[in-house]
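S.K.: Predicted model, plus sequence, below.
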Amino acid sequence: MIRRRTILTGGAGLLLAGCDRVIQQPTARKILFAGEDMQKGLQRALMDRGALAPEYRRDQMSPIFRTNGTRNPGTPEYAALAANRFQDWRLTVGGLVGKPLSLSLRQIGEFPARRQITRHDCVEGWSAIGEWMGPMLGNILKAADISTRARYVVFTCADLYGGQPYYESIDLIDAFHPQTILAWGMNGRMLDIGHGAPLRLRVERQLGYKHAKYLMRIDAVQSLDNIGLGKGGYWEDHVDYDWYAGI
Amino acid sequence: MEAGTPTEPERAPEAPGAVIPRHGWVTRIWHWVNAVAVLILLGSGLGISNAHPRLYWGRYGANFDHAWASLPHFPAWLTIPARYNLAISRRWHLFFALVLGFGLLAYMIGGLVTRHFQRDLRIRGRELRPAAIWADFRRHLVFRFHDERDPRRYNLFQKLSYVAVLFVALPLAILTGIALSPGMNAAWPWVLELLGGRQSARSIHFITATLLALFTIVHLVLVILAGPLNEMRSMITGRWRVPE
């Protein structure tokens, strides 16, 4: 009886332990990681290109919207920009664009702003609802005359991870989505340093780590291969997070 | 499928010791695919839980909000991977979520087409009579899980638990999982509405997973009590020996 029981429950235990061995195999790893493309393909098939993330009322907002990731880039360059209330800060828009831009916060403020109360979902599991305000990324890309060869938009940030700037990327479906904005305002105030001042990305149909803070550069590119380690973002490069973070 | 049960036991019951066809191929394939998926989803799910072991009700919920449950840190021998790695837990979880979801969908279609559900899982009025429930309960107490008059048939508790798992717990685990996806929230906002917000969905997802884990444990214990080799064989080859 003992042996029979061992076979049954031991089988389950072996399966759990076996998973760690299996994923060492490059082929198994490749199959498992292909789940990301399946999820992306399924979601994109089920979702209208412009389908909106849920928006909430004021009284449904989180009383406290916690900060996460970098709380302050802490570099001398960033400290100097912050000391001057970001008057010397510029957002560079380059790469595959016909008209490269260098925009001050004031110039970004001249674009029509979208105000949206949305839910921020961290990959770890928590959610917070806050109000964001800023221009649609699509309008800025159009102002820069983005090339038809561009496939992705890469965001380079002021905060360093392992000595390299944090970066993230999204494709053009999300870049031109109406809720994808460059937020300079949060909860009725100017964006604070903890939440990514002076400008951060909101890409509402994906998880929190895609919402790059402390934006410095935006580049339209054809491929992600030669950027960072080629997987399209800091966490994607170093910790195997999915590039498509729709789930 | 061969594992038919007539509405009334009009033929003679199978003699104890006889080897009879028990489980059809649709059931057997799905059972093992699903068993692997459920175990991996439970293990990787506990790994994901370790990233933020607090559960909330409502639309939002984070460190400063009221949590109705603070979960323990699940130990390495229960999680996939053993060493905390949220990215890899998620890779396992989101791949096998598809195996579970589409596996269940295929089984639902197969179970209806082969009439397995209608024949073997339908609970009949006479089974719910107090005397019948009491008799089934007493048989369980002495570890007899089959009615000698019709040993092929699932007993009432078996039917109730299989129906609850197939048609309630597994679909709810899938639906609450879908509700956790910000992409699917845009595609199917009604799922979120139905469940009362993302953090409620996350709580229900965890509760449902706990119930599925309990079912799995009870299921394994009963397999051991009913005779593990005979039961395992019936789920592999389909052939089952009627207990003495």
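M.R.: Happy to help now that I have it.
S.K.: Would you map the helices across chain B?
M.R.: Along chain B, counting by DSSP state H, helices occupy B:25-49, B:86-113, B:116, B:130-141, B:156-164, B:170-179, B:182-187, B:189-195, B:198-226, B:228-236.
S.K.: Need phi/psi at the residue lying closest to residue A:125 once chain neighbours are set aside.
M.R.: Nearest non-adjacent residue to residue A:125, counting by C-beta to C-beta, 6 or more residues apart in numbering or on different chains: residue B:52, 3.9 Å away. Where C-beta positions appear, they are placed from N, C-alpha and C, glycine not excepted. Dihedral angles of residue B:52 (phi, psi; degrees, to the nearest 10) stand at phi -150, psi 80.
S.K.: most centrally placed residue in the chain?
M.R.: I went with chain A, as the question did not name one. Nearest to the mean C-alpha position of chain A, by C-alpha atoms, centre = their mean, lies residue A:210 at 1.3 Å.
S.K.: Let me rephrase: I mean chain B.
M.R.: Centroid-nearest residue in chain B, with C-alpha atoms, centre = their mean: residue B:165, separated by 4.1 Å.
S.K.: By mean pLDDT, flag the weakest helix or strand of chain A.
M.R.: When each helix and strand of chain A is scored by mean pLDDT, DSSP states H and E, helix A:2-22 comes last, with a mean of 69.
S.K.: list the buried ones in the helix or strand just after that one?
M.R.: Using DSSP states H and E, the next helix or strand after helix A:2-22 towards the C-terminus is helix A:26-33. Applying a neighbour-count criterion of 16 or more other C-beta atoms under 10 Å in any protein chain shown, one finds residue A:32 buried in helix A:26-33.
S.K.: Other residues contacting helix A:26-33?
M.R.: Contact with helix A:26-33 is made by A:22-23, A:240, B:91-92, B:95, as judged by C-beta atoms under 8 Å, 6 or more residues apart in numbering or on different chains.
S.K.: Select only the buried ones of those residues in ChimeraX?
M.R.: This is how ChimeraX selects the buried members of the contacts of helix A:26-33, with burial counted by 16+ other C-beta under 10 Å:
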select /A:23,240 /B:91,92,95
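S.K.: How far away from the center of its chain is stretch B:105-121?
M.R.: Distance of stretch B:105-121 from the chain centroid (C-alpha atoms, centre = their mean, to the nearest Å) equals 15 Å.
S.K.: Now the terminal residues of that stretch, how far apart.
M.R.: Using C-alpha to C-alpha, to the nearest Å, one end of stretch B:105-121 lies 17 Å from the other.
S.K.: residue with max distance from the center of chain B?
M.R.: Most distant from the centre of chain B: residue B:64, at 34.9 Å, with distances by C-alpha atoms, centre = their mean.
S.K.: thinking that one is in contact with residue A:63, fair?
M.R.: Yes. The criterion here is C-beta atoms under 8 Å, and residue B:64 meets it with residue A:63 at 7.0 Å.
S.K.: Tell me the residue of chain A that sits nearest chain B?
M.R.: Taking C-beta to the nearest C-beta as the measure, chain A has residue A:246 as its residue closest to chain B, at 2.8 Å.
S.K.: Can you check the pLDDT for residue 141?
M.R.: Using chain A here. Listed pLDDT for residue A:141 reads 98.
S.K.: not what I meant, chain B
M.R.: We note a pLDDT of 90 for residue B:141 in this prediction.
S.K.: Could you do residue A:28 as well?
M.R.: pLDDT, residue A:28: 94.
S.K.: related to what we said a few turns ago, show me which pair in the contacts of helix A:26-33 is furthest apart.
M.R.: Largest separation among those by C-beta to C-beta: A:22 and A:240, giving 15.1 Å.
S.K.: now residue B:79, nearest residue through space, not along the chain?
M.R.: residue B:47 is the one closest to residue B:79 (C-beta to C-beta, 6+ apart), at 4.0 Å.
S.K.: Oh, that last question was meant for residue B:86, not what I typed.
M.R.: Nearest non-adjacent residue to residue B:86, counting by C-beta to C-beta, 6+ apart: residue B:51, 4.8 Å away.
S.K.: tell me the phi and psi of that neighbour?
M.R.: With angles defined as degrees, to the nearest 10, residue B:51 sits at phi -70, psi -30.
S.K.: Which residue ranges of chain A form strands?
M.R.: All strands of chain A, identified by DSSP state E, fall at A:91-95, A:101-103, A:113-121, A:127-135, A:152-161, A:164-171, A:181-183, A:185-186, A:189-190, A:200-202, A:215-221.
S.K.: Export the ones you listed to JSON lines and append columns for distance to residue B:16 and mean neighbour count.
M.R.: Output for the strands of chain A, formatted as JSON lines (distance: least, C-beta to C-beta, whole Å; neighbours: other C-beta atoms under 10 Å in any protein chain shown):
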{"stretch": "strand A:91-95", "distance to residue B:16": "77", "mean neighbour count": "18"}
{"stretch": "strand A:101-103", "distance to residue B:16": "84", "mean neighbour count": "17"}
{"stretch": "strand A:113-121", "distance to residue B:16": "57", "mean neighbour count": "20"}
{"stretch": "strand A:127-135", "distance to residue B:16": "57", "mean neighbour count": "22"}
{"stretch": "strand A:152-161", "distance to residue B:16": "68", "mean neighbour count": "22"}
{"stretch": "strand A:164-171", "distance to residue B:16": "64", "mean neighbour count": "21"}
{"stretch": "strand A:181-183", "distance to residue B:16": "72", "mean neighbour count": "27"}
{"stretch": "strand A:185-186", "distance to residue B:16": "73", "mean neighbour count": "18"}
{"stretch": "strand A:189-190", "distance to residue B:16": "78", "mean neighbour count": "12"}
{"stretch": "strand A:200-202", "distance to residue B:16": "68", "mean neighbour count": "24"}
{"stretch": "strand A:215-221", "distance to residue B:16": "72", "mean neighbour count": "22"}
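S.K.: mind checking which of the ones you listed is nearest residue B:234?
M.R.: Among the strands of chain A, the nearest to residue B:234 by C-beta to C-beta is strand A:113-121 (44.0 Å).
S.K.: angle of the closest one against helix B:198-226?
M.R.: Relative orientation of strand A:113-121 and helix B:198-226, computed by axes from the mean of the first three to the mean of the last three C-alpha atoms, to 10 degrees: 20 degrees.
S.K.: relative to strand A:127-135, how tilted is strand A:113-121?
M.R.: For strand A:113-121 against strand A:127-135, the angle by the same axes, to 10 degrees is 160 degrees.
S.K.: Which neighbours in the sheet does strand A:113-121 have, and how are they oriented?
M.R.: Strand pairing for strand A:113-121, using DSSP bridges, gives strand A:127-135 (antiparallel).
S.K.: pLDDT averaged over the partner strand, what's the number?
M.R.: In this model, strand A:127-135 has a mean pLDDT of 98.
S.K.: Please apply the same query to stretch A:56-72.
M.R.: Stretch A:56-72 shows a mean pLDDT of 96.
S.K.: and whatever residue of chain B ends up closest to chain A, what does it touch?
M.R.: Chain A sits closest to residue B:183 of chain B, with a gap of 2.8 Å, by C-beta to the nearest C-beta. Shown in contact with residue B:183 (C-beta under 8 Å, 6+ apart): A:43, A:47, A:205-206, A:246-247.
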